[in-house]
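*Asks:* okay, structure incoming, though there's no sequence with it:
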Ligand code: CIR
């Protein structure tokens, strides 16, 4: 039933010492602390290893202060790695630096007009939702749909124009097949009636970015309502404190590429 095969690997990049120079709309949360960010990054990597994944961690790259958000430059589907081109010019080159690591996969380049961030591509059990946002445009949606269809001809891929959060997955993910979890800050006219939607209280909005890893659900720490909803569907839940990445608009999923 699931579109994605079980994950065996994850790719991550160590945050660079200048990671606070990355893009953010959350300056009101204060400056992130580097030492704490590294500890949080370590815990995240270890949690993936605890799920049996082989985790590769690339060295930090000063020229990419957002470069540890590795989910955004690529969308991986079976043996295909779609190279995204971010709508944020500062992040456009990040994908090149990941290519050597992903070379065993079939890398597909986007057409020139396509703009997309991997954070806008949500794999659900039976369909893929592609956010149309400040980072991802209609041409990006078309390109990612064509790439996914080259692997699975009948795959259902739907555009989701939205506002209120940075990426689609910042505010909407799939908790279990047919059950979405949403940050009320996310606004969209897309018809969600095919799913049950769990709306989080505003103070737990960050926890809408949940990450299923095989038999385990990763979720943001200190979000009791989200955890309660998750425990109805998952026996194994790992809660991670990502406070320093929240300050840089980073969601839970964005710190790794799972495949
Ligand atoms: C950015 O604005 O691009 C980064 N500071 C945060 C990216 C987070 N990506 C994600 O949640 N998928």
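*Replies:* Arrived safely. Since this is a predicted model, take the numbers as computed values, not measurements.

*Asks:* what parts of the stretch 1-150 of the chain come near the ligand?
*Replies:* Selection of the stretch 1-150 of the chain residues close to the ligand by Cβ under 6 Å from any ligand atom yields 22, 23, 24, 66, 69, 71, 72, 88, 91, 119. Quick note: C-beta positions are derived from backbone N, CA and C, even for glycine.

*Asks:* mind listing what's buried in stretch 45-57?
*Replies:* 45, 47, 48, 51, 53, 55, 57 (16 or more other Cβ atoms under 10 Å).

*Asks:* let's see which of the residues you listed end up in strands.
*Replies:* Counting by DSSP state E, the part of the buried residues of stretch 45-57 found in strands is 55, 57.

*Asks:* go through the helix or strand containing residue 12 and flag the buried ones.
*Replies:* Per DSSP states H and E, residue 12 falls inside strand 9-13. Judged by neighbour count using 16+ other Cβ under 10 Å, the buried positions of strand 9-13 are 10, 11, 12, 13.

*Asks:* what's the answer for stretch 10-25, then?
*Replies:* So for stretch 10-25, counting by 16+ other Cβ under 10 Å, buried means 10, 11, 12, 13, 14, 15, 16, 19, 20, 22, 24.

*Asks:* can you tell me which of the residues you listed lies closest to residue 257?
*Replies:* residue 11 (4.4 Å; Cβ to Cβ).

*Asks:* any idea how far the closest one is from residue 63?
*Replies:* From residue 11 over to residue 63 the distance is 18 Å, taken as Cβ to Cβ, to the nearest Å.

*Asks:* show me the helices in the stretch 151-259 of the chain, by range?
*Replies:* With DSSP state H, counting those that start in this stretch as the definition, the stretch 151-259 of the chain shows helices at residue ranges 168-171, 224-231, 243-246.

*Asks:* deepest in the core, which of those helices is it.
*Replies:* helix 168-171 (a mean of 27; mean count of other Cβ atoms under 10 Å).

*Asks:* return the distance of that one from the chain's centre.
*Replies:* Relative to its chain's centre, helix 168-171 lies at 8 Å (Cα atoms, centre = their mean, to the nearest Å).

*Asks:* do that helix and the ligand meet at all?
*Replies:* Yes: against the ligand, helix 168-171 shows contacts by Cβ under 6 Å from any ligand atom at residue 170.

*Asks:* pull the residues that contact that helix.
*Replies:* Helix 168-171 is contacted from outside by 119-122, 129-131, 133, 160, 162, 164-165, 182-183, 185-186, 205-206, 208-209, 249, 251, 253-254, using Cβ atoms under 8 Å, 6 or more residues apart in numbering.

*Asks:* so which residue of this structure comes closest to the ligand?
*Replies:* Here the chain gets closest to the ligand at one residue, residue 119, 2.4 Å apart by Cβ to the nearest ligand atom.

*Asks:* of all the helices of the stretch 151-259 of the chain, which one comes closest to residue 76?
*Replies:* In terms of Cβ to Cβ, the element of these nearest to residue 76 is helix 168-171, at 14.5 Å.

*Asks:* any stretches of the stretch 1-150 of the chain with poor pLDDT?
*Replies:* 1 (pLDDT under 70).

*Asks:* please enumerate the strands of it.
*Replies:* Secondary structure of the stretch 1-150 of the chain by DSSP state E, counting those that start in this stretch: the strands cover 9-13, 54-58, 74-77, 80-83, 106-108, 121-123, 128-132.

*Asks:* tell me which residues of the last one are tucked away?
*Replies:* Applying a neighbour-count criterion of 16+ other Cβ under 10 Å, one finds 128, 129, 130, 131, 132 buried in strand 128-132.
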